[in-house]
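Colleague: sharing a sequence plus its predicted fold:
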Amino acid sequence: QKEVEQDPGPLSVPEGAIVSLNCTYSNSAFQYFMWYRQYSRKGPELLMYTYSSGNKEDGRFTAQVDKSSKYISLFIRDSQPSDSATYLCATTTQGGSEKLVFGKGMKLTVNP
Amino acid sequence: DTGVSQDPRHKITKRGQNVTFRCDPISEHNRLYWYRQTLGQGPEFLTYFQNEAQLEKSRLLSDRFSAERPKGSFSTLEIQRTEQGDSAMYLCASRVQGSGNTIYFGEGSWLTVV
């Protein structure tokens, strides 16, 4: 079992739709959770960063963490064609290894 | 542009040749990371530096791979005797110690081994 599981999709939605992206993780030591957006042949770009369980909102993006079920989500409201990219969840431990553990990434296409 | 800079962006090499990638982190970022990403996969951690010291290495970093950060600024990643399985995007990232885990990635260096 991989430490972070993410459905690779692809996912195709119409413009304006609400998008839900999800990951599960297996290691209880993971304390920090991130979502990255990666456009084709580019490096990942940090979107959201959360530490505790609960919700964090930034504009059209909401990150949700449920540590009890080891489940993390990213919601995109009013999706736009410019949101078309691969979304990667990532996590790391607190005060331990410096490495980020990534999911496979979900390829999202928002159709105009 | 003050982001993480990587060079070259693309490299095609024949199997068995050596290649070297360079990374210039964001100024004053004392932590520097190398990741590898293959098609359809998320990035995988290779190694990281705090200033010039290499503090952690993944088991993915075989003895054909070596990374340096001689003056605590730019870093190089060298792959010796390349194999087709080395074909991937090599990503460099950096952050300031104490900034949480908000690391910033470069655009990556694509390697194709033929």
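Modeller: Yes, it's here.

Colleague: where does pLDDT dip in chain B?
Modeller: Under the criterion of pLDDT under 70, the regions of chain B flagged as low confidence span B:1, B:98-101.

Colleague: residues in it within reach of chain A, list them.
Modeller: When proximity is defined by CB under 8 Å from any CB of the partner chain, chain B lies next to chain A at B:4, B:31, B:33, B:35, B:40-45, B:48, B:55-56, B:58, B:89, B:91, B:93, B:100-108, B:110. Yep, even glycine has a C-beta here, placed from its N, CA and C like the rest.

Colleague: how many other residues sit next to the residue nearest to B:Thr82 when sequence neighbours are not counted?
Modeller: Nearest in space to B:Thr82, with sequence neighbours left out and distances taken as CB to CB, 6 or more residues apart in numbering or on different chains, is B:Val113 at 4.7 Å. Applying other CB atoms under 10 Å in any protein chain shown, we find 19 other residues in the vicinity of B:Val113.

Colleague: residue in chain B nearest to chain A?
Modeller: Of all residues in chain B, B:Gly42 sits closest to chain A, at 3.0 Å by CB to the nearest CB.

Colleague: how about the nearest residue to that residue, chain neighbours excluded?
Modeller: Closest residue to B:Gly42 in three dimensions, ignoring its sequence neighbours and counting by CB to CB, 6+ apart: A:Phe102, at 3.0 Å.

Colleague: all strands of chain B, in order?
Modeller: For chain B, applying DSSP state E gives strands covering B:5-7, B:10-13, B:19-24, B:31-37, B:44-50, B:53-57, B:65-68, B:75-79, B:88-95, B:104-105, B:109-113.

Colleague: A:Leu88: which of these is closest?
Modeller: A:Leu88 sits nearest to strand B:31-37 of all the strands of chain B, at 9.5 Å, using CB to CB.
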